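[1] Sequence plus predicted model, see below.
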Amino acid sequence: MNIVVSNVKGGVGKTTTAVYLAAAGVERGEDPVVLVDADRQASSAEWIEASPLEGVELVEAPSERTVARAMERHDGLVVVDTPPGDERIVRAAIERADAVVIPTRAGGVEFSRVVATVEMVPSRTPYGIVVCAARLGTNDLAQTVAWWEGEHVPVWGIIPERVAIASGPEARLHREGIDAYADVLRRAVRRRAR
Ligand SMILES: Nc1ncnc2c1ncn2[C@@H]1O[C@H](COP(=O)(O)OP(=O)(O)OP(=O)(O)O)[C@@H](O)[C@H]1O
Ligand SMILES: [Mg+2]
């Protein structure tokens, strides 16, 4: 199964989401779990190099051709981290996705970028948003979730803002984070295109 993590906007939590989904996949017993880094910035690759995750195989694929090839395998779980800018690579990945996870933040300025990302998703491919670095209990978060529900965009997860998650590869993966992303993965797997 191919899960593509994408948002045309930068800095929303794509790489963090991709790494945690891969870790959640290992805990779920998916074998192999392949984390495909389609971003020339190589943030996922650097994360895994600095802090290897047992059971996660990293493939760097920063071009349309390489990402398409990396997504050809039919066993296990493939999680693809995509770049913010390069629309051709993003499209190449999204076209081949069984589900698309769209990280976003709370707050109105984020909506149009999510909609631009959703517009790239083929009509039969399921997608859901994940609100990253969320401040639980705030009006901003509640309004954001209500807005997406009103737009019939599924909210697959709300990931709390945590220092340990913000530390990236400098810290071990955060337990609460893995559990929250396990729920996202469950939703993505359940709704995947067959
Ligand atoms: N749940 C969270 N709690 C706290 N910080 C978070 C959380 N999720 C992501 N962040 C932080 O948000 C910032 C952006 O995250 P990340 O690098 O994953 O985004 P990105 O979309 O991959 O960025 P880019 O577009 O540059 O590739 C990072 O500093 C990351 O640590
Ligand atoms: Mg990134």
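    Yes, it's here. Ligands and ions are numbered 1, 2, ... in the order given.

[2] Kindly report the residues of this protein close to ligand 2.
    14-15, 43 (CB under 5 Å from the ion). C-betas here are computed from N, CA, C, even on glycine.

[3] Just the pLDDT at residue 194, thanks.
    If you check residue 194, the pLDDT there is 58.

[4] ok, and the closest non-adjacent residue to residue 131?
    In this structure, residue 131 finds its nearest non-sequential neighbour in residue 158, 4.8 Å apart by CB to CB, 6 or more residues apart in numbering.

[5] Packing partners of the helix or strand containing residue 91?
    Assigned by DSSP states H and E, residue 91 belongs to helix 87-95. Applying 3 or more CB pairs under 8 Å, 6 or more residues apart in numbering; DSSP states H and E, one finds that helix 87-95 makes contact with helix 64-70.

[6] Quick check: which helices or strands does the helix it packs on pack against?
    strand 33-37, strand 77-81, helix 87-95.

[7] same thing but at 10 Å, please
    strand 33-37, strand 56-60, strand 77-81, helix 87-95 (3 or more CB pairs under 10 Å, 6 or more residues apart in numbering; DSSP states H and E).

[8] how about the last one, does it get close to ligand 1?
    By that I understand helix 87-95. No: taking CB under 6 Å from any ligand atom as the criterion, helix 87-95 and ligand 1 are apart, separated by no less than 11.0 Å.

[9] number of nearby residues for residue 55?
    16 (other CB atoms under 10 Å).

[10] same thing with residue 162?
    With other CB under 10 Å as criterion, residue 162 counts 15.

[11] residues contacting it?
    The contact partners of residue 162, by CB atoms under 10 Å, 6 or more residues apart in numbering, come to 133-134, 171, 174, 176-177, 180.

[12] okay, the angle between the longest strand along the chain and helix 87-95?
    Longest strand of the chain, by residue count under DSSP state E: strand 127-134. Angle of strand 127-134 versus helix 87-95, following axes from the mean of the first three to the mean of the last three CA atoms, to 10 degrees, is 120 degrees.

[13] Can you list the strands that strand 127-134 pairs with?
    Its sheet considered, strand 127-134 pairs with strand 99-104 (parallel), strand 155-160 (parallel) by DSSP bridges.

[14] deepest of these, which one?
    Highest mean neighbour count among the strands paired with strand 127-134 (mean count of other CB atoms under 10 Å): strand 99-104, with a mean of 26.
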